[in-house]
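A.B. asks: Give me the fold of what follows.
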Amino acid sequence: MHEVSSSIVLDRLDPSYYEEEYLEAEKSLDLIGKLTKIKNIEDLPGKAKSSAFYESIALDYKEAGVPFIRVADINEMTVSESDLVYVSEEVFRTNRSIAHVNDADIVISKGGATTGRRIGVVPHWIKRACISRDVIGISLPDRTISDYVMVFLNTTFGQRQLLRGISQQAQPHLELEYVKRLRVPLLDARFRSEISHKVRQSFRKREQARDALAALEQELLRVLGIKEMQFPDSVHFEIDNLRILESGRFDSEYFRPEYKAITDALRSSKYPLARLSKIMEISEKTIEPADHPDTIYKYVELADVSPSTNEIVDWSEVSGHEASPRARMLLAKGDVLVPSLAGSLDNVALVPAELDGAIGSTGFFVVRSSQFHSEFLFALFRSKLLKKQIEQRTSGTILAAIGRDCFEDILVPLVPKPEQQQVCEIVRSAFQLISEMKRLQLEAKTELHERIETLLK
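C.D. replies: Sure thing, here's the model as predicted:
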């Protein structure tokens, strides 16, 4: 509980707006404004924009077309391509309720659980895009200033402004007019260019990591001796009654020809196959955070895993009494996290050293095996060979998921450890590039924060 003088109460009556850390941040920005140039977003000049209310366009999503950026697409200071959806040229041109952004524009989460916390720059390969109603876009004069402002908004000074502005009415969200008035210290042009250069370097590392992971599947197929897989048409197919009765499944999706193609490809491998339950351990080690209410835990959930780089990009730090009922799986370095939900099968992750002893969501299977290197196990679960088997075995109408029994039943090729090395090297190389990307982004954020702190001394 804290008291606020009536002399500083502005147009907001919600107490959180006047929390001490926000008032201190405001004072700091006032002081900085006396020492260097400081401007509002709209005076940079920047044009902030957001989509007005529009009817759901989920049914209009396309395989290709104009990118439609949602909150979940904003990761690692940019826009991730893995789960990106598209809309038609017609929707882009004619739906005036939907705002547009271009490459080098800034995108910020406007609503949802991560309001104000997801901030990135639209990458160079997206020349134009639409943004969802839960995203704010900012167009600035050039790429350098966009990179600089984006990094500033990720610093403590930027975050405190953004989080302070979250409206507490109904669902928490940021108001467009508030974002236009965000204050940004404009340090010297050379320093701004240095910050932008680090951001661009980090994006190149990210693209190199993405390319390495894209090559991973082909290398895995080469090691297994499987030729490139061809998936038959899944729209029209016939199934005999015997197969239906043997499977115990009556939904047509289970019998899509591509699933048989996966099984046929695995059987053509030069290595024998085994059921997952025979060669892997599905961890049952759990912890009950509620039994230790004052302990702080690192908690990893499905949304913390980037589906494009498969890196655990974030995690929560929660006390035992705040932890979700799903926060129960005890994690160890080298564990492979395999999602059980059909819509999240790309979110496979390898637990790094810094998360040894953390807890994970029960939405993951936590897998390890003495017969596989962790990196090779990770590559297997990233591949279509295992992912399609998991997808086939999911069931449920609202949130389709795979049960443990079905998960244990999937087929896995028994590759000797010496033959796994090349695949492991690709995985290590990709994660090294991701580590370098994170280092560059952290350096940019830290250097900008420290330069501002220096002004305040």
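A.B. asks: Got the domain ranges for the chain?
C.D. replies: Domain segmentation of the chain under automatic domain parsing yields 6-186, 216-418.
A.B. asks: Reformat these as a markdown table; add mean neighbour count, distance to residue 428 and mean pLDDT.
C.D. replies: The C-beta positions use only the backbone N, C-alpha and C, and glycine is treated the same way. Shown next, in a markdown table, are the domains of the chain (neighbours: other C-beta atoms under 10 Å; distance: least, C-beta to C-beta, whole Å; pLDDT from 0 to 100):
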| stretch | mean neighbour count | distance to residue 428 | mean pLDDT |
| --- | --- | --- | --- |
| domain 6-186 | 17 | 19 | 90 |
| domain 216-418 | 17 | 6 | 89 |
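A.B. asks: need the strands for the stretch 151-300 of the chain, in chain order.
C.D. replies: 183-185, 273-275, 281-282, 296-300 (DSSP state E, counting those that start in this stretch).
A.B. asks: Kindly reformat those as CSV and extend each row with distance to residue 134.
C.D. replies: Putting the strands of the stretch 151-300 of the chain into CSV (distance: least, C-beta to C-beta, whole Å) gives the following:
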stretch, distance to residue 134
strand 183-185, 23
strand 273-275, 43
strand 281-282, 36
strand 296-300, 23
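A.B. asks: Which of the ones you listed sits closest to residue 19?
C.D. replies: Of all those, it is strand 183-185 that lies closest to residue 19, at 17.9 Å by C-beta to C-beta.
A.B. asks: Show me what the closest one packs onto, helices and strands only.
C.D. replies: helix 20-35, strand 38-40, helix 143-154, helix 156-164 (3 or more C-beta pairs under 8 Å, 6 or more residues apart in numbering; DSSP states H and E).
A.B. asks: One more pass at 7 Å, please.
C.D. replies: On a contact count with 3 or more C-beta pairs under 7 Å, 6 or more residues apart in numbering; DSSP states H and E, strand 183-185 meets strand 38-40.
A.B. asks: what's in contact with the strand it packs on?
C.D. replies: The contact list for strand 38-40, computed with C-beta atoms under 7 Å, 6 or more residues apart in numbering, reads 29, 32, 180-186.
A.B. asks: returning to what we had before: determine which of the domains of the chain approaches residue 457 most closely.
C.D. replies: Nearest of the domains of the chain (C-beta to C-beta): domain 6-186, 10.6 Å.
A.B. asks: ok now that closest one, how far from the chain's centre?
C.D. replies: Averaged C-alpha coordinates place domain 6-186 at 17 Å from its chain's average position (C-alpha atoms, centre = their mean, to the nearest Å).
A.B. asks: Can you pull the phi/psi pair for residue 447?
C.D. replies: The phi/psi pair for residue 447 (degrees, to the nearest 10) reads phi -60, psi -40.
A.B. asks: correction: residue 95
C.D. replies: phi -80, psi 100.
A.B. asks: That one contacts residue 53, correct?
C.D. replies: No - applying C-beta atoms under 7 Å as the test, residue 95 and residue 53 come out as separate, 11.5 Å apart.
A.B. asks: Mutual contacts of these two, please.
C.D. replies: With C-beta under 7 Å, 6+ apart, residue 95 and residue 53 have no common neighbours.
A.B. asks: residues in contact with residue 148?
C.D. replies: Applying C-beta under 7 Å, 6+ apart, the residues contacting residue 148 are 192, 195-196.
A.B. asks: so residue 137 touches residue 131, yeah?
C.D. replies: Yes - here residue 137 lies in contact with residue 131, judged by C-beta under 7 Å, at a distance of 5.2 Å.
A.B. asks: which residues are in contact with both of these two?
C.D. replies: Counting by C-beta under 7 Å, 6+ apart, the contacts common to residue 137 and residue 131 are 99, 101, 107.
A.B. asks: What backbone torsions are found at the first one?
C.D. replies: This means residue 99. The phi/psi pair for residue 99 (degrees, to the nearest 10) reads phi -80, psi 160.
A.B. asks: still on that earlier bit, let me have the contacts of residue 148 in JSON lines, extended by distance to residue 78.
C.D. replies: Formatted as JSON lines, the contacts of residue 148 follow (distance: C-beta to C-beta, whole Å):
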{"residue": "192", "distance to residue 78": "18"}
{"residue": "195", "distance to residue 78": "15"}
{"residue": "196", "distance to residue 78": "13"}
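A.B. asks: Done for today, thanks.
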